[in-house]
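**Student:** Mind looking at a prediction? Sequence and model below.
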Amino acid sequence: MTGHNYFERAELLFGAEAMQKLQETRVAIFGIGGVGSWCAESLVRTGIGHLTLVDYDCVCESNVNRQAMATAATVGQPKTTALKTHLQEINPNVDITEMPMRYSEETESSFDLNSYDYVVDAIDNIADKALLIRRTCEARAVLLSSMGAALKSDPTKIAVAEFWKVKGCPLAAALRRRFKKANLFPAKKFKCVYSEEQPIGRTATGDASRLRVNGSIVHVTAIFGFTLAGLLVNDVRRESLI
């Protein structure tokens, strides 16, 4: 078995060759909130060896209901630091790089997307998300993207599709409008996790300086994250086509 017995059950399922591939795979997760944090935990528990965590935010009390690293004890900590600590408690040998910053036009030069095998997009901000999608599609990395997980509660409505075939997701529709308006399109196809459920619940709007805040629940956001991780792991094993 590979290293410690942490991955004994995974190796029994996948085999030693696949586990070695997972150990060598480099993944960057952009946005480590309700979706990205669970994707990261799933990947580490499955044997991914190299992980970069990108997020500029700190843990707050409202994160506790849905984010893997968010507890009463981690409130106030940078999300990248809190999640790195959590993940290395699971596997002390995983190589984790923290990038506690926002991905945007101002910071994109800090990222070499060609250095990753996979990029997981779990960004909420639509401008930053559109930029990351386009830039990753220009790079060698395989892109996997999360569409909107907020205002959803039915886990049976979660699905996977190529971006242009996503149905019933307001975030995907807004991204498509943005690409068409700018006449700037992703250079290649990529898979998304999304929900076909119609939005429910309430949207809270703060003062003019704050972004809109949507209700969300862990059994949905975590499934989004686990599904992204599953797509990635199976692609490393070449058991599915992305």
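**Tutor:** That came in fine, so what should we check first?

**Student:** got the buried residues for the helix ranked longest in the chain?
**Tutor:** Ranked by residue count and defined by DSSP state H, the top helix of the chain is helix 218-236. Within helix 218-236, the residues that qualify as buried by neighbour count (16 or more other Cβ atoms under 10 Å) are 220-233, 235-236. Every residue, glycine included, has its C-beta placed from N, CA and C.

**Student:** Low-confidence stretches in the chain?
**Tutor:** Scanning the chain for pLDDT under 70 picks out 1-3, 202-212, 239-242.

**Student:** how about the helices in this structure?
**Tutor:** According to DSSP H, the helices that the chain contains are 8-14, 16-24, 36-46, 79-90, 126-138, 170-182, 218-236.

**Student:** Could you single out the most deeply buried of these?
**Tutor:** helix 36-46 (a mean of 25; mean count of other Cβ atoms under 10 Å).

**Student:** list the helices and strands it packs on?
**Tutor:** In terms of contacts (3 or more Cβ pairs under 8 Å, 6 or more residues apart in numbering; DSSP states H and E), helix 36-46 is packed against strand 26-30, strand 50-54, helix 79-90, helix 218-236.

**Student:** at 10 Å instead, please
**Tutor:** Contacts defined by 3 or more Cβ pairs under 10 Å, 6 or more residues apart in numbering; DSSP states H and E place helix 36-46 against helix 8-14, helix 16-24, strand 26-30, strand 50-54, helix 79-90, strand 118-121, strand 142-146, helix 218-236.

**Student:** Can you give the distance of the longest helix of the chain from its chain's centre?
**Tutor:** Put simply, helix 218-236 sits 8 Å off its chain's centre (Cα atoms, centre = their mean, to the nearest Å).

**Student:** try stretch 98-110
**Tutor:** Distance of stretch 98-110 from the chain centroid (Cα atoms, centre = their mean) equals 16 Å.

**Student:** tell me which residues in it are buried?
**Tutor:** 98-99, 102-103.

**Student:** possible to save those residues as JSON lines with distance to residue 140?
**Tutor:** Formatted as JSON lines, the buried residues of stretch 98-110 follow (distance: Cβ to Cβ, whole Å):
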{"residue": "98", "distance to residue 140": "23"}
{"residue": "99", "distance to residue 140": "19"}
{"residue": "102", "distance to residue 140": "23"}
{"residue": "103", "distance to residue 140": "18"}
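
**Student:** ok, what's across the strand from residue 214?
**Tutor:** Judged by DSSP bridges, the bridge partners of residue 214 are residue 203.

**Student:** returning to that earlier point: which one of the helices and strands packed on helix 36-46 lies nearest to residue 156?
**Tutor:** helix 218-236 (9.9 Å; Cβ to Cβ).

**Student:** Packing partners of that closest one?
**Tutor:** Helix 218-236 packs on helix 8-14, helix 16-24, strand 26-30, helix 36-46, strand 118-121, strand 142-146, strand 158-162, strand 191-195, going by 3+ Cβ pairs under 10 Å, 6+ apart.

**Student:** May I see those organised as CSV, with distance to residue 127 added?
**Tutor:** Converted to CSV, these look like this (distance: least, Cβ to Cβ, whole Å):
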stretch, distance to residue 127
helix 8-14, 37
helix 16-24, 33
strand 26-30, 13
helix 36-46, 18
strand 118-121, 13
strand 142-146, 15
strand 158-162, 22
strand 191-195, 18
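
**Student:** so which of the ones you listed comes closest to residue 107?
**Tutor:** Of the helices and strands packed on helix 218-236, nearest to residue 107 by Cβ to Cβ is strand 26-30, at 11.1 Å.
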